[in-house]
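1. Predicted model, plus sequence, below.
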Amino acid sequence: MKIDSLKIESIEKNGLLSKGKRHLIKHLEGGKLSRSEAMQAKCYDCMGYFADGRQDCMIENCPMFNFRPYKDGKTRSPQSKK
């Protein structure tokens, strides 16, 4: 069994249905993603398939932080950060 198929099984078994899930599976199956789909897929992957719930990752040094799918309600920008 390939690593990607094991990962897909894990996602389907443990991952919450949320932004990025279908995009990550599509990518692992060899499909093409748009830029925004790829970003959502990476956040989904990075957050452990949102297995603990859909929440803000709070990883402010991530280059995709301002584009994360689950924001805490506040917009953070590099200019306002002190």
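-> Yes, it's here. Numbering: from 1, shown residues only.
2. CA only for contacts and neighbour counts going forward, please
-> Noted.
3. Neighbours of Asn61, how many?
-> Neighbour count of Asn61, defined by other CA atoms under 10 Å: 8.
4. So it versus Ser10, what's the distance?
-> Summarising the geometry, the distance separating Asn61 from Ser10, computed by CA to CA, to the nearest Å, is 28 Å.
5. Next: Ser18.
-> From Ser18 over to Ser10 the distance is 15 Å, taken as CA to CA.
6. Which one's more surrounded, those two?
-> Between Ser18 and Ser10, Ser18 has the larger neighbour count (other CA under 10 Å), namely 15 against 12.
7. Strands of the chain, residue ranges please.
-> All residues of the chain lie outside strands when identified by DSSP state E.
8. Could you list the low-pLDDT ranges of it?
-> Filtered on pLDDT under 70, the chain yields the residue ranges 1, 72-82.
9. What about Phe50, how many residues nearby?
-> 22.
10. which ones are touching it?
-> By CA atoms under 8 Å, 6 or more residues apart in numbering, Phe50 lies in contact with 15-16, 18, 44.
11. Please indicate which of those are buried?
-> Among these, those scoring as buried are 15-16, 44 (criterion: 16 or more other CA atoms under 10 Å).
12. count of residues packed around Arg35?
-> 9.
13. separation between the nearest residue to Tyr49 once chain neighbours are set aside and Gly48?
-> The shortest distance from Tyr49 to any residue that is not its chain neighbour, by CA to CA, 6 or more residues apart in numbering, is 4.6 Å, and that residue is Gly15. Computed as CA to CA, the Gly15 to Gly48 distance reads 8 Å.
14. Repeat that for Lys21.
-> Going from Lys21 to Gly48 by CA to CA gives 11 Å.
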